[in-house]
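> Dropping a prediction and its sequence here:
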Amino acid sequence: MMSRGVAACFIAGITLGVGFASAHDIWITTAGPPHARRAVINYGHPFDRPPTVADKIIDIFAITASGQQSLIKGLTTERDGQWFVVETKPFHDDGHTLLAVRYDNGYWIKTADGYRNATNREVPDAVETLWSVKFGKAFTGPNAPWDRVLGHELEIVPLSDPLTVLPGQILQLRVLFRGKPLVGGKIERGDGVTVVAEDDIPRFATNADGVAWIPIVKKGPMQLVIDHEVSPSATPSLAGKDMFNATLWYMLGPK
């Protein structure tokens, strides 16, 4: 186990070489038995997994039908195989829990040498500048509060319980941006594990009501992702545009 202080020094040393961080995803998986469940915050893509940074996590909650519990205290950076992730302290999971995280990935600039964690103020002649924020939701089992709208700036909201939609069936989702349906967004379907070429990632567009129809093709981990870009940025003195990312993760069938 790494302490947060030690991990922060390690992360600072290797993130300088990370590529375009705005395009990476944040998603929540779980570890441990139900009585001592831990939420695991993952960052990146299956082929590119920079460390998750604990101090960038704004908040993380476990939400059930009876209420919600903050999991922000006591986060630790752990090694998961070759990747570094952030885990919460154990909590009791009744098997019907919605997990939700907000992650501020900060400001980024693009120069001839690649992307760096900085703003227009430090590099006014940067090729590209942006602010990146990410949102993640996950269900630990059926009958979680799957229809709960949390108010994330970008949010994927199922229109039926995802854990009841089996292979060969269609999952309907609505995407909200600042509380309103996002028209023409593209939801990517993956599993967070399998490496897929960019052009081969299945994508499904949202209609005038912000609704997309996602064919479910197999059991196992399901990861649904959407990105949304807004230009100009809400902070134009620091960035040219704002990049929003949201994911929805769950395990369909037994692990």
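Structure's in. What do you need?

> what about His35, how many neighbours?
Applying the criterion other Cβ atoms under 10 Å, we find 9 residues in the vicinity of His35. To be clear about C-beta, it is placed using only N, CA and C from the backbone, and glycine gets the same treatment.

> Verify the stated contact: it with His92.
Yes. Counting by Cβ atoms under 8 Å, His35 touches His92, with 5.9 Å between them.

> which residue ranges form the helices in the stretch 1-150 of the chain?
For the stretch 1-150 of the chain, the helices defined by DSSP state H, counting those that start in this stretch cover 4-14.

> How about Leu75, nearest residue that isn't a chain neighbour?
Sequence neighbours aside, Ala54 is the residue nearest to Leu75 in space, at 4.5 Å (criterion: Cβ to Cβ, 6 or more residues apart in numbering).

> so the one you found sits right up against Val86, yeah?
Yes. Proximity of Ala54 to Val86 meets the contact threshold set by Cβ under 8 Å, at 4.8 Å.

> Need the overlap of contacts for those two.
In terms of Cβ atoms under 8 Å, 6 or more residues apart in numbering, Ala54 and Val86 are both contacted by the residues Leu75, Thr76, Thr77.

> What separation do you get for the nearest residue to Leu71 once chain neighbours are set aside and Gln69?
The shortest distance from Leu71 to any non-neighbouring residue, by Cβ to Cβ, 6+ apart, is to Thr88 (4.0 Å). Shown here: Thr88 relative to Gln69, a distance of 10 Å by Cβ to Cβ, to the nearest Å.

> neighbour count winner among these two?
Neighbours around Thr88 and Gln69, counted as other Cβ under 10 Å, are more numerous at Thr88. The numbers are 25 against 12.

> Next, the contact list for that one, please.
Under the criterion of Cβ under 8 Å, 6+ apart, the contact list for Thr88 reads Arg38, Ala39, Val40, Ile41, Ile60, Leu71, Ile72, Gly74, Leu75.

> Now the phi/psi pair for it, please.
For Thr88, the backbone dihedrals are phi -90, psi 170 (criterion: degrees, to the nearest 10).

> Distance of it relative to Ala31?
From Thr88 over to Ala31 the distance is 10 Å, taken as Cβ to Cβ.

> hang on, the earlier thing: between Ala54 and Val86, which has more neighbouring residues?
A direct count of neighbours by other Cβ under 10 Å for Ala54 and Val86 places Val86 higher, at 26 against 19.

> Would you mind giving me the confidence score for the more buried one?
Each residue has a pLDDT score; the one for Val86 is 98.

> same check, this time on Gly17
Confidence per residue is given as pLDDT, and for Gly17 that number is 36.

> Same check on Ile170?
In the predicted model, Ile170 carries a pLDDT score of 98.

> cool, Pro158 as well?
The score at Pro158 is 98. That number is its pLDDT.

> What of Glu78?
At Glu78, the pLDDT value in this model is 95.

> could the shared contacts of Ala54 and Val86 be laid out in a markdown table, adding distance to Pro46?
As requested, the shared contacts of Ala54 and Val86 are arranged in a markdown table below (distance: Cβ to Cβ, whole Å):
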| residue | distance to Pro46 |
| --- | --- |
| Leu75 | 23 |
| Thr76 | 23 |
| Thr77 | 20 |
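
> Great, nothing more from me.
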